[in-house]
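[1] Okay, structure incoming, though there's no sequence with it:
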């Protein structure tokens, strides 16, 4: 079972996020994928497991192969996956990225803080909100 699907090509950012979530006991069921192509394969590839739908996706935008906007477009345009909360965590402050991701249905857009402590707090807060505080319908649990 996957609670958090982390899609980020930066190993440094991914490792910091995983450490922050582990420290808060939120990373027990976390899967890290290194690019958008791997994320789309997770949902649509030959080895997909339609019963193993994550409770939240933490998605970077600027990735090789397939970028985060295309992943978001595919998932939010698919009735099977459209209700999965997607939180973009990216270094991009570009207005066009913010506008486009919200147009596609992103649930939150967070610019990755440069400061390590602020980054850790942001990841922890996001994980706590979406996994602990947020109420979801029974069919999404």
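    In hand now; what should we look at? None of these values were measured; they are calculated from a predicted model.
[2] helix, strand or coil for the residue nearest to the spatial centre of the chain?
    With distances taken as CA atoms, centre = their mean, residue 58 lies nearest the centre of the chain, 1.5 Å away. Counting by DSSP: H, G, I helix; E, B strand; the rest coil, the backbone at residue 58 sits in strand.
[3] Where does the prediction get shaky in the chain?
    Applying pLDDT under 70 to the chain flags residues 49-51, 140-141.
[4] could you pull out the helices for it?
    11-23, 36-44, 68-76, 95-104, 116-128 (DSSP state H).
[5] Output those helices in JSON lines; the columns should cover distance to residue 83 and mean neighbour count.
    Quick note: C-beta positions are derived from backbone N, CA and C, even for glycine. What follows is these, written out as JSON lines (distance: least, CB to CB, whole Å; neighbours: other CB atoms under 10 Å):
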{"stretch": "helix 11-23", "distance to residue 83": "22", "mean neighbour count": "16"}
{"stretch": "helix 36-44", "distance to residue 83": "13", "mean neighbour count": "20"}
{"stretch": "helix 68-76", "distance to residue 83": "9", "mean neighbour count": "21"}
{"stretch": "helix 95-104", "distance to residue 83": "14", "mean neighbour count": "15"}
{"stretch": "helix 116-128", "distance to residue 83": "18", "mean neighbour count": "17"}
